[in-house]
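[1] Take a look and give me a structure for this.
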Amino acid sequence: MKDERKKRPSTGCNCDYCVHYDWDDEGEAYECGMNLDEDEMVSFLHGQFRNCPYYQPYDEYKIARKQ
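    Numbers count the residues shown, from 1 in each chain. Just a heads-up that it's a prediction; the model follows:
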């Protein structure tokens, strides 16, 4: 799933901090790495996607704490 805008969309959920939300160099846009169904995709693209069932917080220090 790709978001064609250059900037991250302002959604009602925490997509900016989700482990599945990454920059796609080829498409030059941020995208969610999860396979959203049609209804979820429409909500996401309109900035109305709330309480995402796939949300996992990105924690860059998670591996470092295990060392």
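[2] got the CA coordinates for stretch 23-36 in CSV?
    Only the C-alpha atoms of stretch 23-36 are listed here, as CSV (Å, rounded to 0.1, in the frame of the first residue of the first chain):
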residue,chain,number,x,y,z
TRP,A,23,9.8,5.0,3.4
ASP,A,24,9.7,3.4,0.0
ASP,A,25,12.7,4.7,-2.1
GLU,A,26,11.2,3.4,-5.3
GLY,A,27,7.8,5.1,-4.9
GLU,A,28,9.3,8.0,-2.9
ALA,A,29,6.5,7.9,-0.4
TYR,A,30,5.7,6.4,3.0
GLU,A,31,3.8,3.2,3.0
CYS,A,32,2.3,0.7,5.4
GLY,A,33,3.8,-2.7,5.0
MET,A,34,0.7,-4.5,6.1
ASN,A,35,-1.9,-5.8,3.7
LEU,A,36,-5.0,-3.7,4.5
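[3] What segments of the protein are strands?
    21-24, 29-32 (DSSP state E).
[4] Reformat those into CSV and put mean pLDDT next to each item.
    Formatted as CSV, the strands of the chain follow (pLDDT from 0 to 100):
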stretch, mean pLDDT
strand 21-24, 89
strand 29-32, 86
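[5] Return the most buried member of the ones you listed.
    Comparing the strands of the chain by mean neighbour count (mean count of other Cβ atoms under 10 Å), strand 29-32 ranks first with a mean of 18. Heads up, the C-betas are built off the backbone N, CA and C, glycines and all.
[6] before we move on, the earlier item: let's have the strands of the chain in TSV, adding distance to Asp39.
    Below are the strands of the chain laid out as TSV (distance: least, Cβ to Cβ, whole Å):
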stretch	distance to Asp39
strand 21-24	19
strand 29-32	14
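[7] Quick check: Val19 touching Glu60?
    No - using Cβ atoms under 8 Å, Val19 makes no contact with Glu60, being 9.9 Å away.
[8] So for these two, which residue has more residues nearby?
    Neighbour tally, Val19 and Glu60, criterion other Cβ atoms under 10 Å: the higher count belongs to Val19, 14 against 7.
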